[in-house]
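J.: based on what follows, work out the 3D shape:
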Amino acid sequence: NYSLDLHGTELASYRRTLFGGHAVYRSEDKSTYGQPVTEVELFGAENRQVHVRDEVNATGGALYYLSRSEVIEGSEQVTIVVRDSLTGLPLVRLPQERNIDYRIKYPEGRILFHRPVSSVQNAARLITSGLLSGNPVSIQIDYEATADSFEKNAYGGRVRQQLGDQIAVGVTAVQDETGDGPYELLGIDTEIRFGTGMRLLTEYAISNGSEALVNISHDGGLNYTAVAASGIEEGEAWKAAAEFDIGAWFDHPDFLQTTLYHKQLDSGFRAAGQTVEEGTQKSGAELLWKPRESDSFLFRFDREKRDNTTALAAAMLQTTMLQWRHKQRNWRLLTEFEALESEDVTGQRLTDDQLVALRLEVDLTDRLTGSAAQQLTLSGTSDNRTTLGLDYRPVDPLSLFASASTGTLGRSAKGGASLLLDKSRIYLTQRLMEEEANHESATILGGENQNGPYGSRLYTEYQLNRATAGTGSVSLFGAEKKWRYDTGLQLMIGGEISEAKRSTEETSQYSLASGLTYRYTDRFKLSLRGEFREQEGTATLQQFLTVNQAEGKLTPDLTLIGLYRYSVSDNRTTGLKEAGFEEASVGLAFRPTENDFFNALARATRLADRRPTETGGTDYLDTVLDTLSFEFSLQLTDALEWVEKNAVRWKEETDATDSFSSRAWLSLHRFNYLFTKSVDSGLEYRWLTESSTFGKRQGWLAELGWRPKKAVRLGIGYNFTDFSDDERSLNNYSVQGWFVRVQGIY
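T.: As a prediction, the model looks like this:
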């Protein structure tokens, strides 16, 4: 399993978590500007899953829900994205790491960050049309969910090559059939540098199909809106940009910088992170002048055209902004002028506004900062506003902030407190907005206490969202305690209670988990874990899971391993068993420590599985697989090795009306011959018989191997048969053909 993020360009980006092969090569040689001369990234996968992307507006809290539960474990990629409040262009992308930045509950589909995520970030712009100033912050979660389909393929990659120090060319290609439908993405990009002060970028990409199911939430995951397909599932996108550091040409870097860009995406173009910009044309220019350390002047022009069939919505938006910043030791002054124009789809002018604003920040003491801002309308739609704010740090662990605004469009206020003591954190945030037709408020209170890796952990958060359209709330409380003893024994117990009240439903969840691990030197290991979860909403669901494993050395050469996993999911409302599985396995391994002359493995396994034939259906299918297998390797001479495997499998399937049983025998006979110390070959004959079809399949497999180093073996071969050598595999008879093998020897 691997996380894949092809993000070398802005347009041809692709993000998934897959199961298969992933290879990355970066040359040690670098260009003058620090870029590898050659970069190659390739991937291939065969999956039965669907890609989901949730984009959630940050609320100022730490708790967020996903649009789906039962997320495939380890498949999530979480990114905090800051976008420009006016153009929507992404300014910052901050990847988050599991167990460092956040924790996730896969069955519940819930993420808890280690610290609150602010809803806005301080913006370079002073003038704003929203009641809360700043650039909006959102959380993008890409993850995988199980799909009821046959296994399908996904493959592709990216190549980037420097052509000298000044020119680089990149190509990205993706072919993905594992999602909701086939998806293709092809992109090419170039970068041209003219010294340290000038860079030209171009990108072109084309897509066909949709690479993810996209859902958007404006309230932290309480409610989601699916981004419906436009009916056009193919399109093109291209971008051109130029960056100039004119000051660097005269040995004064950053003295005068300018940027030009044009970006265009068709309505049917699909790529990771481009949802909000589909069907747009954007152009702009920026000029930044810093005549001295204390002053900077910024000019910016942006124009956006959007494919739009709604007569009342803006199809064209154009902004012109001029800004001056001045800073002294204990105060800062910001002034800004902005002209805003918009038109509808017919070219009719909707707005023609001109505004000016001024903001003053003063450090009143070392711990207290005050701010005041005034926004005035020179012409057009009135949007006057006065804002006052305070940031106070009475002591180092405690931080307080508050701001209030009143003006033509309404009133708003936000405030909060954060207290950090050693390994404990408490936070409180309050946000209010009052417009003529809508009133919104949000209250968030949370905290976490962590006493250490083998101590106790408590965490909680409460969110209350109130608006004219309805009220929603989320509450979470969790606790975990661990004990560790010198005898090698470790114990753990934990639990959670959570509630979510949405406009359409109310759900509550309870979970309890416990675990035990024991280790007695290297001779015996034991691990026991159990989890229970109950969810109450439109239906009452209960789920139980236990995972247990033991390993013991009977002698230095003989090891016994046992494994038992069991899970059941019941719908208490309907009285139906919705899903469940049971896996029991015992294995015996003979691996001599003194020589490698003879090795043997024996294993017995039972796998029972129940799942509905369709989501929400009452029909079911029970499958039970019992297998026995034995294999060994015998070194006949220094150059000749004999490998043998024999296995039998009993299969039984039962549905609501009938049952079916079968038996299969698998036998493999292989000889490996060592030509030299680094070159070997293998010839294998395998056969498979199944009682249900009275059929027999047989054939050969050939392989050639090479050991470039003692601990690594590379092999390439051809399988003339079409069935797997895994006795537990329910063959679809599609494994015939070429294969490569990489082995590590230790």
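J.: burial of residue 423, as a residue count?
T.: Counted with other CB atoms under 10 Å, residues neighbouring residue 423 total 12. Every residue, glycine included, has its C-beta placed from N, CA and C.
J.: cool, and the one 5 residues further on?
T.: For residue 428, the count of nearby residues is 18 (other CB under 10 Å).
J.: spatially nearest residue to the residue nearest in space to the middle of the chain (excluding sequence neighbours)?
T.: In the chain, the residue lying closest to the centroid (CA atoms, centre = their mean) is residue 77, at 1.4 Å. Distance criterion CB to CB, 6 or more residues apart in numbering; nearest residue to residue 77, sequence neighbours excluded, is residue 142 at 4.5 Å.
J.: any idea how far the one you found is from residue 4?
T.: Taking CB to CB, to the nearest Å as the measure, residue 142 falls 10 Å from residue 4.
J.: what sits in contact with each of these two?
T.: 15-17 (CB atoms under 8 Å, 6 or more residues apart in numbering).
J.: which among these count as buried?
T.: Neighbour counting over the shared contacts of residue 142 and residue 4 (16 or more other CB atoms under 10 Å) leaves 15-17 as the buried ones.
J.: can you verify my assumption that residue 83 contacts residue 58?
T.: No. Residue 83 is not in contact with residue 58 according to CB atoms under 8 Å; the separation is 11.2 Å.
J.: thinking again about what came up before, need phi/psi at the residue nearest to residue 77.
T.: Main-chain dihedrals, residue 142, degrees, to the nearest 10: phi -100, psi 130.
J.: surely it and residue 66 touch.
T.: No. The criterion here is CB under 8 Å, and residue 142 misses it with residue 66 at 10.7 Å.
J.: tally of neighbours for residue 636?
T.: When neighbours are counted by other CB under 10 Å, residue 636 comes out with 11.
J.: now do residue 437
T.: Quick note: residue 437 (other CB under 10 Å) scores 6 neighbours.
J.: which ones are touching residue 369?
T.: 361-363, 390-392.
J.: what about it, which helix or strand?
T.: strand 368-379 (DSSP states H and E).
J.: using PDB, write out every CA atom in that strand.
T.: Output of strand 368-379 as PDB, limited to C-alpha atoms (Å, rounded to 0.1, in the frame of the first residue of the first chain):
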ATOM      1  CA  LEU A 368      -1.000  43.500  24.100                       C
ATOM      2  CA  THR A 369      -1.700  44.400  20.500                       C
ATOM      3  CA  GLY A 370      -4.600  46.600  19.300                       C
ATOM      4  CA  SER A 371      -5.900  47.100  15.800                       C
ATOM      5  CA  ALA A 372      -8.400  49.400  14.200                       C
ATOM      6  CA  ALA A 373      -9.600  49.400  10.500                       C
ATOM      7  CA  GLN A 374     -12.000  51.500   8.500                       C
ATOM      8  CA  GLN A 375     -13.400  50.600   5.100                       C
ATOM      9  CA  LEU A 376     -15.200  53.200   3.000                       C
ATOM     10  CA  THR A 377     -17.100  53.000  -0.300                       C
ATOM     11  CA  LEU A 378     -16.100  55.700  -2.900                       C
ATOM     12  CA  SER A 379     -18.700  54.600  -5.500                       C
END
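J.: note down every partner strand of that strand and its orientation.
T.: Strand 368-379 sits in its sheet next to strand 349-363 (antiparallel), strand 385-395 (antiparallel), going by DSSP bridges.
J.: need the residues that contact the shortest one.
T.: Under the contact criterion CB under 8 Å, 6+ apart, strand 385-395 has outside partners 133, 367-375, 399-409.
J.: buried ones among those?
T.: By 16+ other CB under 10 Å, the contacts of strand 385-395 give 133, 369-371, 373, 375, 399-401, 403, 405-407, 409 as buried.
J.: beta-bridge partners for the closest residue to residue 357 other than its chain neighbours, please?
T.: Distances taken as CB to CB, 6+ apart put residue 375 closest to residue 357, at 4.2 Å, once the chain neighbours are dropped. Beta-bridge partners recorded for residue 375 (DSSP bridges): residue 357, residue 385.
J.: wait, residue 375 touches residue 359, no?
T.: No. Residue 375 lies out of contact with residue 359 (CB under 8 Å); the separation is 9.1 Å.
J.: what do those two both touch?
T.: What both residue 375 and residue 359 touch, as defined by CB under 8 Å, 6+ apart, is the set residue 126.
J.: now residue 587: how far from residue 730?
T.: 21 Å.
J.: hang on, the earlier thing: ok, so of the buried ones among the shared contacts of residue 142 and residue 4, who is nearest residue 466?
T.: Nearest to residue 466 among these is residue 15, at 34.9 Å by CB to CB.
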